[in-house]
Every structure is written in C-alpha cells, then in structure tokens.
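**Student:** only geometry, no sequence info:
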C-alpha cells in the first residue's frame, strides 16, 4: 500500500476543523492529514509558501494566485462585563455602545475599514493591547470588546458575557488553496467540507468548485427601540422579555 506524504490544513483562531478532520481520518486512514493553527496575518502566506496545503481563513479578498470558497458567516458579538446592563439581553445594537470604550478585534478583515469611525472621535479610548488583554480589561469592568462569537469563546471568562451585536457586517470564513496545485486530496477535502458523502461523485475538480456566497447565520430578532442602554430583552415565549 502506498503512503502519501502528509496533507496539511491550517486554520485561524476560532475556526474548528475537528469534524472534517475526523471524517477524513475515517474515510482515508492511509492518507495522513495534519492540522496547524496560524494567526490571521499569516493565513494566506502559509498556503502560498507551501507550509499548508489549504487553510480556513477570514480573508475573502480572492487573490489571483489562490482559490478561495466562502463557507459560512460568523456572528459579531460585544463582550461585556457580566454586570453590564447589556449582559441581560438577547442582542444589542452598536448604537447602544456609543459612550463605551471599544476594542475592535483587528483580526476581522471585514471591520478594518470601519475601525476609525467606530473607535475614533469623541468616544473614550482604550490603550493599545492584545485581544486577550482587552477581554481581561472588560472583566475588570472597563470597556467593550467587539469580535466574533467563535473568538469570544476562546477567551471565555466567568466575569464577561458575549452578546450578539447588530449594526456590523458578519465575518466570512472560507477555504483557500493554491491555484497551481494539482492534488486530488484538495478535491477530496473540499468535498468533505461541503458535506459530500463518501459514495458521491468525485468528478468535480476542486479548482472548479463554484465560489458561492457564504452561508448567512440564522436571522436574529430585531432590537426594540427603547430608551434603555440595551434595546432587546432576552425573549421568552409569546414575545415576552426575560433576563438571564
């Protein structure tokens, strides 16, 4: 039996490739697959330089040298102190945080152009810090961190709560690989990620995979306009609001 060299798939923090890795191992035990976490600034470079065969990325800029298929869209959240008024609600609007010092996750490409407007002007500011430090600062009772739910879960603490946030675009996650590569494992992995069964046809090449828009998250309830700092209560049955 021939043994293939390892096939490496990279992923950025917050993305969880475990289920696809397990399916690969179940279907292709003789074809090793390795995974490695990379930081967002290097997400495309590890594919270009050959350190990874494919990568789950948050950059959907569609560079000429890479194939990139959108997979799904992540939900923006505001990470607030557990005693913050917003912590009691299903969702809040970005406008509800107008007087709060904001830390906008710099690793979400969809928000980079918005950063000057969201964190500048007369809004109180936080000093430069890492995302982890920013969450710790929120836990101490100062500021609000804006990131996506999957990343917020990586920094989960007892003294903070992640609340879905309206008013920001979602962050899309996609799968990237080199256009110049000719490896049937690329096609096979794309099929696994897209839910192709083991018996389904493999005639469609990975390079020809259609680049569909990312799947949208389930629509969330609209926030009710009120004079309170946060605009929607935690909804129960029959539209009644309830707190945590």
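**Tutor:** Okay, I see it. Since we're looking at a predicted model, the values are computed, not measured.
**Student:** Neighbours of the spatially closest residue to residue 134 that is not a sequence neighbour, how many?
**Tutor:** Distances taken as CB to CB, 6 or more residues apart in numbering place residue 103 nearest to residue 134, at 4.0 Å, with adjacent residues excluded. All C-beta spots, glycine's among them, are computed from the backbone N, C-alpha and C. Per other CB atoms under 10 Å, the neighbour tally for residue 103 reads 26.
**Student:** For residue 103, list each beta-bridge partner.
**Tutor:** residue 145 (DSSP bridges).
**Student:** For the remainder of this discussion, apply numbering that starts at 47.
**Tutor:** Got it, the first residue is 47 from now on, which makes the last one we talked about residue 149.
**Student:** Isn't it up against residue 190?
**Tutor:** Yes: using CB atoms under 8 Å, residue 149 is in contact with residue 190, at 7.2 Å.
**Student:** and for the two, which residues touch both?
**Tutor:** Common neighbours of residue 149 and residue 190 are listed as residue 184 (criterion: CB atoms under 8 Å, 6 or more residues apart in numbering).
**Student:** who touches the most centrally placed residue in the chain in this structure?
**Tutor:** What sits nearest the mean C-alpha location of the chain, by CA atoms, centre = their mean, is residue 120, with 4.7 Å. For residue 120, the contact set (CB under 8 Å, 6+ apart) comprises 60, 194, 195, 196, 216, 217, 218, 219, 263.
**Student:** I'd like to know how far the third one sits from residue 176.
**Tutor:** From residue 195 across to residue 176, the span is 19 Å (CB to CB, to the nearest Å).
**Student:** and the two? which has more neighbours close in?
**Tutor:** Each of residue 195 and residue 176 has its neighbours counted (other CB under 10 Å); residue 195 has more, 18 against 10.
**Student:** Just confirm that one contacts residue 211, I think it does.
**Tutor:** No: in this structure, residue 195 is not within contact of residue 211 by CB under 8 Å, at 9.6 Å.
**Student:** Give the intersection of the neighbour lists for these two.
**Tutor:** What both residue 195 and residue 211 touch, as defined by CB under 8 Å, 6+ apart, is the set 122, 123.
**Student:** Output the below-cut-off pLDDT ranges for the chain.
**Tutor:** Applying pLDDT under 70 to the chain flags residues 47-51, 165-168, 243-290.
**Student:** what ranges do the helices span in it?
**Tutor:** Applying DSSP state H to the chain gives helices spanning 64-73, 91-94, 161-165, 177-185, 195-200, 230-239.
**Student:** among those helices, which is nearest residue 115?
**Tutor:** Nearest of these to residue 115, taken as CB to CB: helix 230-239 at 7.1 Å.
**Student:** Redo the helices of the chain as TSV? Include distance to residue 110.
**Tutor:** Output for those, formatted as TSV (distance: least, CB to CB, whole Å):
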stretch	distance to residue 110
helix 64-73	26
helix 91-94	11
helix 161-165	27
helix 177-185	31
helix 195-200	29
helix 230-239	18
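**Student:** closest to residue 104 out of these?
**Tutor:** Closest among these, using CB to CB: helix 195-200, at 9.7 Å.
**Student:** Show me what that closest one packs onto, helices and strands only.
**Tutor:** Counting contacts by 3 or more CB pairs under 8 Å, 6 or more residues apart in numbering; DSSP states H and E, helix 195-200 packs against strand 122-127, strand 206-212.
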